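>>> what's the 3D shape of this:
(chains A and B)
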There are 2 protein chains.
Amino acid sequence: MNKGENEVIDPGFVARLAGFLGFDEERVQHLFEKNYLAKNWGKHDYLFRFDKEISRIERGTVLYEKGDSFEVIMGFPKIRRAMVLDPTLKKHFNGLEKVAVEEKMNGYNVRVANVKGDIVAITRSGYVCPYTTERANVKLNLKFFDDFPNLVLYGEMVGPDNPYVPKEIYGIESVEFYIFDIREKNSGNPLPLSGKKKILEEYGFLQVESFGEFPLQTAAEEIAEIIRELGKIEHEGVVIKDPDMVLAPLKYTSSQSNCSDLRHAFMFYNEAGRDFMLSRIVREGFQTVEWNENEAEFEKRYMQLGESILNPLRESIRRVKNGQRLYEEVRIRVRNPRTATEFENYLKRLGVDAIFEPPQPAGNEYLINIKKVNKSTNDKTQAIWEGELW
Amino acid sequence: MNKGENEVIDPGFVARLAGFLGFDEERVQHLFEKNYLAKNWGKHDYLFRFDKEISRIERGTVLYEKGDSFEVIMGFPKIRRAMVLDPTLKKHFNGLEKVAVEEKMNGYNVRVANVKGDIVAITRSGYVCPYTTERANVKLNLKFFDDFPNLVLYGEMVGPDNPYVPKEIYGIESVEFYIFDIREKNSGNPLPLSGKKKILEEYGFLQVESFGEFPLQTAAEEIAEIIRELGKIEHEGVVIKDPDMVLAPLKYTSSQSNCSDLRHAFMFYNEAGRDFMLSRIVREGFQTVEWNENEAEFEKRYMQLGESILNPLRESIRRVKNGQRLYEEVRIRVRNPRTATEFENYLKRLGVDAIFEPPQPAGNEYLINIKKVNKSTNDKTQAIWEGELW
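Below you'll find the model as predicted:
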């Protein structure tokens, strides 16, 4: 695995970057040595990403030289979670009259920006994904990036042809980009919701659903109702925002989303993080108490929880017992077969074990099935079936 | 918190101990400095314990000077787990014709030995517990320790007056000591099962239940049947042993025991280890596949799992919401009220936050209720109810 780090960085570049960031040169040098700041590879080798949060620069932030200065595309700000809606919303948004509620979609976070004339799609970690970049160029109205070279779209790639988080629940045929924020380069400042909406409409971008604005005093109740409805259609949850985007947003999710996370985690129980699993379970506990559920509702909830954990676990254990290997089947749809090759190399470079099947023509595009191998759970399960002790 | 470590150790003692262990003096000095080898306190300050496994000496092993040499009481050997019975038993006990199956009781591991003329109860970690020591002196036939000063009882303190793992399921009124192994001092060698049984019967000690010996070829099936029966009465599981005690034993547990562990863990979700929780859940997955359960059995299993997780979680979250503090209520029964005071100091020294209520006379003994406070889960839950973000 080689993510393109640890290359020798030109000392003149280090000096210029130090000047731009207001850091000592030594510190910048140190960031490179530790790979906290790392260089991209291939045709995007002018692009550097922060692999760790440094002095309030979010992890995943990228930068590159432009003219005699730099341009920065700030990372996705981490959205903190309300474990209970009341009193968390009142406390966090204290002073606001109203909060806005938008859907939190279940997809793959991506920033799309004009980087030195190219339209590139940058992942949450700060890599340029060749597949997402091709899709963004195919799907988005590119005029926006000419008209506003200083603005970045922050959105979610959603749909079944998303090789990271494939979802059928949104009724999307392939993939679409749903935008939730527009932010300025360098400062990372977001547009207020009204301004964001206006631009997104003007350029015909898809937006995450807006449920409107609610008085802070009654928002917890209203959001609980929205979450119940979203849960019924297996949607993930909401992001609650200050309409002016001055205070940081919060997120809150449905029980179905917790269970869906658990289903995936227990399918690959030796890969998934223990903290990831526990947090999803604990959310169920707070939600049932906050919503004051009766015994019938509670029973339904714990049955769903138990099923979401044990069913995928059983499935994986059975599959390995029957001699099959554990993998996730995902799919991409490309216009140019070279994009698939680039994406395959990209995943390899990131250490993802994936098997690409031959492209199948589909209209003027190609569908490619991919098996992402879950080696750790596979090997562990197989060893147990061969009599290894825990 | 002061566990009595980091005291200055007499250099002459270090030299003698180094000679006995066959280590360099420097290494012994280093073990003391790191607290890998630590001195007990109070009236048992002649006793040293290994706080870490060192050169195949198990963690919890204790030693002390006796005459011009040392005596060692080896720790509890870690018993490894069969995740599936077949082929694990055949592989692990390869070469044996039969394996013996004993009940694994759910209590508190304790070694009882004659240490320089005193009968002391030593915990799994190598501490002398004053409460367990008093109970051992009250409950056990002490003649054994005079007749066999070189033998150590390895057993389980079980029952409702066990302040570590209180259990009503065994129909014990207070606490009893169930012995599962007899081992020699120094070598740690166990008696073969036949010899162990003979001595335990002779001195009238309680023994863990023996289910008999089974041919290795059919043991997996027979044990599955025993486990199902044990599960029905909420008992924990079995230990499978080489009758000659040459090969290391294995353990295997019931679904009810996994669920019971989970109930306790999720009651105090911020205290319990993530690995602890996950391993219990994964065991359920392997058991349902190995036992080839039908959908009705599977549904029962995942409902129990869901309930075991979510019910205690709800209970704790509710209690904190209602302004109560989270604690475990346990109880001890002492002959001498001073034992309770000593036990209180002992828990304090180990960093356990416990509130002792006044002793209540009960026959010629005293009952003392103890609240063990679960500060971490309590504080986390309270903070969330006050609007703190996750």
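>>> could you pull out the strands for the stretch 51-200 of chain A?
A:62-66, A:69-73, A:80-81, A:98-104, A:108-115, A:118-123, A:151-158, A:176-184 (DSSP state E, counting those that start in this stretch).
>>> let me redo that: the stretch 201-350 of chain A
Going by DSSP E, counting those that start in this stretch, the stretch 201-350 of chain A shows strands at A:206-207, A:210-215, A:237-241, A:250-253, A:327-334.
>>> Most tightly packed of those?
Mean neighbours per residue, mean count of other CB atoms under 10 Å in any protein chain shown, is largest over the strands of the stretch 201-350 of chain A for strand A:237-241, with a mean of 24. All C-beta spots, glycine's among them, are computed from the backbone N, C-alpha and C.
>>> check whether whichever helix in chain A runs longest contacts chain B.
Longest helix in chain A by number of residues (criterion: DSSP state H): helix A:295-321. Yes - Helix A:295-321 lies within reach of chain B by CB under 8 Å from any CB of the partner chain, at A:298, A:301-307, A:309-311, A:313-314, A:316-318, A:321.
>>> From those residues, list the buried ones, please.
A:298, A:301-307, A:309-311, A:313-314, A:316-317, A:321 (16 or more other CB atoms under 10 Å in any protein chain shown).
>>> ok, which residues in the stretch 101-250 of chain A are in contact with chain B?
Residues of the stretch 101-250 of chain A lying near chain B by CB under 8 Å from any CB: A:Leu250.
>>> Which residue does the stretch 101-250 of chain A have closest to chain B?
When distances are taken as CB to the nearest CB, the stretch 101-250 of chain A reaches nearest to chain B at A:Leu250, 7.1 Å away.
>>> Mind pulling up the pLDDT for that residue?
pLDDT for A:Leu250: 98.
>>> How about the one 3 residues further on?
At A:Thr253, the predicted lDDT confidence score is 97.
>>> Hmm, it is touching A:Glu284, no?
No - under the criterion of CB atoms under 8 Å, A:Thr253 makes no contact with A:Glu284, lying 10.5 Å away.
>>> Domains of chain A: list them as residue ranges, please.
A:11-73, A:255-321 (automatic domain parsing).
>>> JSON lines for those domains, including distance to A:Glu202?
Output for the domains of chain A, formatted as JSON lines (distance: least, CB to CB, whole Å):
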{"stretch": "domain A:11-73", "distance to A:Glu202": "22"}
{"stretch": "domain A:255-321", "distance to A:Glu202": "32"}
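>>> Which of these has the highest mean neighbour count?
Sort the domains of chain A by mean neighbour count, taking mean count of other CB under 10 Å, and domain A:255-321 sits at the top with a mean of 19.
>>> Quick one: end-to-end distance for that one.
Taking CA to CA, to the nearest Å as the measure, domain A:255-321 stretches 31 Å from start to finish.
>>> which residues sit in contact with A:Val175?
Contacts of A:Val175 were listed using CB atoms under 8 Å, 6 or more residues apart in numbering or on different chains, and they are A:Arg135, A:Lys139, A:Met157, A:Val158, A:Gly159, A:Pro160, A:Asp161, A:Asn162, A:Arg333.
>>> residues touching the residue in chain A that chain B sits nearest to, list them.
In chain A, no residue comes nearer to chain B than A:Gly306, which is 2.7 Å away by CB to the nearest CB. Shown in contact with A:Gly306 (CB under 8 Å, 6+ apart): B:Arg301, B:Tyr302, B:Met303, B:Gln304, B:Leu305, B:Gly306, B:Glu307, B:Ile309.
>>> mean confidence for stretch A:142-160?
Mean pLDDT, computed over stretch A:142-160, is 98.
>>> Oh, that last question was meant for stretch A:34-43, not what I typed.
Here stretch A:34-43 scores 92 as its mean pLDDT.
>>> Just the terminal-to-terminal distance for it.
23 Å.
>>> Can you lay out the strands of the stretch 201-350 of chain A as JSON lines showing distance to B:Phe144?
Formatted as JSON lines, the entries for the strands of the stretch 201-350 of chain A read as follows, by distance: least, CB to CB, whole Å:
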{"stretch": "strand A:206-207", "distance to B:Phe144": "79"}
{"stretch": "strand A:210-215", "distance to B:Phe144": "74"}
{"stretch": "strand A:237-241", "distance to B:Phe144": "63"}
{"stretch": "strand A:250-253", "distance to B:Phe144": "60"}
{"stretch": "strand A:327-334", "distance to B:Phe144": "59"}
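>>> Give me the PyMOL select line for the contacts of A:Val175, limited to the buried ones.
Of the contacts of A:Val175, the buried ones go into a single PyMOL selection, burial set by 16+ other CB under 10 Å:
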select buried, chain A and resi 135+139+157+158+159+160+161+162+333
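>>> Any regions of chain A where pLDDT drops low?
For chain A, the stretches flagged by pLDDT under 70 are A:1-7.
>>> could you redo the last one with a cut-off of 90?
Residue ranges of chain A with pLDDT under 90: A:1-11, A:41-43, A:55-56, A:272-275, A:390.
>>> Geometrically speaking, which residue is the centre of it?
Of all residues in chain A, the one closest to the mean position by CA atoms, centre = their mean is A:Asn109, 3.2 Å from it.
>>> mind listing what that one touches?
Contact analysis of A:Asn109 by CB under 8 Å, 6+ apart lists A:Phe76, A:Thr123, A:Arg124, A:Tyr154, A:Gly155, A:Glu156.
>>> how near is the residue lying closest to A:Asp181 once chain neighbours are set aside to A:Arg59?
Setting aside the residues directly before and after it, A:Asp181 is nearest to A:Tyr154 in space (CB to CB, 6 or more residues apart in numbering or on different chains), at 3.9 Å. Counting by CB to CB, to the nearest Å, the gap from A:Tyr154 to A:Arg59 is 15 Å.
>>> Also A:Phe286?
Taking CB to CB as the measure, A:Phe286 falls 27 Å from A:Arg59.
>>> what does A:Val138 give?
Going from A:Val138 to A:Arg59 by CB to CB gives 28 Å.
>>> Give the next helix or strand downstream of the host helix or strand of A:Val28.
Assigned by DSSP states H and E, A:Val28 belongs to helix A:25-33. Sequence-wise, the next helix or strand downstream of helix A:25-33 (DSSP H and E) is strand A:37-39.
>>> tell me what that following strand is packed against?
helix A:25-33, strand A:48-50 (3 or more CB pairs under 8 Å, 6 or more residues apart in numbering or on different chains; DSSP states H and E).
>>> rerun at 6 Å
Applying 3 or more CB pairs under 6 Å, 6 or more residues apart in numbering or on different chains; DSSP states H and E, we find strand A:37-39 packed against strand A:48-50.
>>> Tell me the strands beside the strand it packs on, with direction?
Counting by DSSP bridges, the strands paired with strand A:48-50 are strand A:37-39 (antiparallel), strand A:62-66 (antiparallel).
>>> export the ones you listed to JSON lines and tack on distance to A:Asn258?
Shown next, in JSON lines, are these (distance: least, CB to CB, whole Å):
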{"stretch": "strand A:37-39", "distance to A:Asn258": "33"}
{"stretch": "strand A:62-66", "distance to A:Asn258": "32"}
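>>> what are the ranges of the helices in the stretch 151-300 of chain A?
Shown for the stretch 151-300 of chain A, the helices assigned by DSSP state H, counting those that start in this stretch span residues A:193-202, A:219-232, A:255-267, A:274-290, A:295-321.
>>> Quick one: residues contacting the closest residue to A:Ser125 other than its chain neighbours.
Spatial nearest neighbour of A:Ser125, chain neighbours left out: A:Gly60 (5.2 Å); criterion: CB to CB, 6+ apart. Taking CB atoms under 6 Å, 6 or more residues apart in numbering or on different chains as the contact definition, A:Gly60 lies against A:Gly75, A:Arg124, A:Ser125, A:Gly126.
>>> Return the subset of the residues you listed lying in helices.
Going by DSSP H, the helices hold none of these.
>>> ok, so of these, who is nearest A:Leu193?
In terms of CB to CB, no member of the contacts of A:Gly60 lies closer to A:Leu193 than A:Gly75, at 20.7 Å.
>>> is the residue nearest to the centre of chain A in a bridge, and if so with what?
When bridges are called by DSSP bridges, A:Asn109 pairs up with A:Glu156.
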